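My questions concern the predicted model and sequence given below.
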Amino acid sequence: MEALFRRFSSMGEEAMRDRAFDTARIDELVAQFAAEARRSGEAMEEELRRATGGAAAFLREMEGELSSLLDAAAGGHRPAGRGRKKRV
């Protein structure tokens, strides 16, 4: 992305010096910015999905362990509906 910013800056300077500057070159660079931003956003979303998926799995595991500890501490006499939830 930094390289695109440098190109945009140098292109802006060139446009100010050269009256025959082809403005279509700026349009191409803007399209490259958009594509890079999209790729970057997709990569961040994927990283977030992996991180939250791992956290959710960890929480389910801990919920199961806590339920087992509570069952053991209660000696199997926990009220109905307070034990481990059945997953479908």
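Ah, there it is.

now for the helix or strand encompassing E46, which elements pack on it?
Secondary structure from DSSP states H and E places E46 in helix 24-73. When contacts are defined as 3 or more CB pairs under 8 Å, 6 or more residues apart in numbering; DSSP states H and E, helix 24-73 sits against helix 2-17. The way it works is simple: take the backbone N, C-alpha and C, and place the C-beta from them, glycine included.

Pull out the buried positions in the helix it packs on.
By neighbour count on 16 or more other CB atoms under 10 Å, the buried set for helix 2-17 is M11.

Now find how far off-centre it is within its chain.
30 Å (CA atoms, centre = their mean, to the nearest Å).

Repeat that for stretch 34-47.
From the chain centre to the centre of stretch 34-47 is a distance of 8 Å (CA atoms, centre = their mean).

Likewise for stretch 7-26?
35 Å.

And the contacts of stretch 14-33?
Here stretch 14-33 makes contact (CB atoms under 8 Å, 6 or more residues apart in numbering) with M1, L4, R7, F8, M11.

Same list (those) but as TSV, adding pLDDT and distance to F58.
Below are these laid out as TSV (pLDDT from 0 to 100; distance: CB to CB, whole Å):
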residue	pLDDT	distance to F58
M1	79	33
L4	85	38
R7	90	43
F8	84	43
M11	88	48
